[in-house]
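> With the input below, show me the fold.
(one chain, ligands or ions: 2)
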Amino acid sequence: MSKPITFVTGNKHKLLEFQAIVGDDSILNAKVDLEEIQGSINEISYKKAKAAAKIIKGPVLVEDTCLMFNALSKPDLELPGPYIKWFLDSLGLEGLPKLLAGFEDKSAKTVCTFGYCEDEDSEPILFQGVTEGRIVDTPRFNNDEVFGFDPIFLPDGFEQTFGEMDKSVKNTISHRYRALEKVKVFLKEKTEKN
Ligand SMILES: O=c1[nH]c(=O)c2ncn([C@@H]3O[C@H](COP(=O)(O)OP(=O)(O)OP(=O)(O)O)[C@@H](O)[C@H]3O)c2[nH]1
Ligand SMILES: [Mg+2]
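Ligands and ions are numbered 1, 2, ... in the order given. Predicted structure coming up:
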């Protein structure tokens, strides 16, 4: 029988969304804060997957999430991009939209990149999901517990930010959902081969 897969993340909100979207009890979880290199979105998830496989000594899934402000970005340079965690830490939800104060273009993208790695000697495989939207000036949320930048991201075609909408809605349009749709196809094909 093949070894169980472990989803490695230090973020409990990611884990809850992952479980709601994937609904597969056979996937284990390990709470490890993996080292995150400076680099492109794909390089970061690639290295996270390698590092996790080395620690877990078995097949792993990891993910890295970016928030990209189009006015601040150019091809292959997403900002705040993978550094959104540190921008959030230092500016807070109230401060982040101010980065766009001098720009008319408030459009943004959330990008989620899952990495699957069979073991530390294998090449990680990446799966990406993107949701387009824009940044609102003032945080808007309903849930008691706020997840990251959800309250300032308004997905295209919706009137509620990720922070206001029901989780069941976010989990059918989010960057994480779109990346996991690809992961699910991959895991299904892998199971069928074994
Ligand atoms: O509003 C949000 N909606 C989301 O859907 C979402 N997904 C991630 N984030 C935040 O963006 C940063 C990513 O950094 P990140 O990918 O390195 O995550 P992390 O360090 O928290 O966990 P991990 O690296 O152990 O998996 C962190 O501040 C996360 O809280 C989100 N915020
Ligand atoms: Mg991280």
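
> Do you have the strands of the chain handy? List them.
6-8, 28-30, 60-69, 80-81, 107-117, 125-135, 153-155 (DSSP state E).

> Next, count neighbours for the closest residue to residue 137 other than its chain neighbours.
Closest residue in space to residue 137, ignoring its immediate chain neighbours: residue 97 at 5.1 Å, by Cβ to Cβ, 6 or more residues apart in numbering. From N, CA and C alone the C-beta is placed, and that goes for glycine too. When neighbours are counted by other Cβ atoms under 10 Å, residue 97 registers 18.

> before we move on, what about residue 175?
The number of residues packed near residue 175 is 26, by other Cβ under 10 Å.

> Just say which of the strands of the chain is most tucked in.
strand 60-69 (a mean of 25; mean count of other Cβ atoms under 10 Å).

> show me what contacts the closest residue to ligand 1 within the chain?
Residue nearest to ligand 1 within the chain (Cβ to the nearest ligand atom): residue 148, separated by 2.1 Å. Contact analysis of residue 148 by Cβ atoms under 8 Å, 6 or more residues apart in numbering lists 13, 65, 84-85, 88.

> Swap in 6 Å and give it another go.
By Cβ atoms under 6 Å, 6 or more residues apart in numbering, the contact list for residue 148 is empty.

> can you check the one 4 residues further on too?
Taking Cβ under 6 Å, 6+ apart, we find residue 152 in contact with 93, 97, 135-136, 139.

> Mind doing that once more with 8 Å?
Contacts of residue 152 by Cβ under 8 Å, 6+ apart are 93, 96-97, 135-136, 139-140, 161, 163.
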